[in-house]
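Asks: fold the following for me, if possible:
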Amino acid sequence: MTEWRSMSIQNNEENFPIVIEFLRAKTYMTNAYVLAVIVLLATFLQSTLSNNFNHMVISEAIRLKSALSVSIFNQ
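Replies: Numbers count the residues shown, from 1 in each chain. Alright, predicted model coming up:
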């Protein structure tokens, strides 16, 4: 099995077919640089989402504390 997959496209104006070659996904994913970039992007995404979640939880906790304080002291 070769690492390249080719696809032929027929051109109506000329008699010569156009050949486009693609690298197989398995070969592309075994490249260490590609895997390193994927892991780096996944780490950035994970830290961003974790920070966003913590911010939302702390904000809701502050709102809940304020609402409880107001409801207790208004009685």
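Asks: can you report how many residues lie near the closest residue to Met29 other than its chain neighbours?
Replies: Leaving out its chain neighbours, the residue that sits closest to Met29 by Cβ to Cβ, 6 or more residues apart in numbering is Leu35, at 6.9 Å. Bear in mind the C-beta positions are built from the backbone N, C-alpha and C, glycine included. Leu35 is flanked by 12 other residues according to other Cβ atoms under 10 Å.
Asks: give me the distance between Ser66 and Met29.
Replies: 50 Å (Cβ to Cβ, to the nearest Å).
Asks: can you give me the distance of Thr43 to Tyr33?
Replies: 16 Å.
Asks: which of the three states applies to Asn52?
Replies: At Asn52, secondary structure determined by DSSP: H, G, I helix; E, B strand; the rest coil is helix.
Asks: ok, how many other residues are close to it?
Replies: 10.
Asks: 47 is where my numbering starts, stick with that
Replies: Renumbered: residue one is now 47, and that last one reads Asn98.
Asks: tell me the contacts of Ser115?
Replies: The contact partners of Ser115, by Cβ atoms under 8 Å, 6 or more residues apart in numbering, come to none.
Asks: can you tell me which residues contact Phe99?
Replies: Phe99 neighbours (Cβ under 8 Å, 6+ apart): none.
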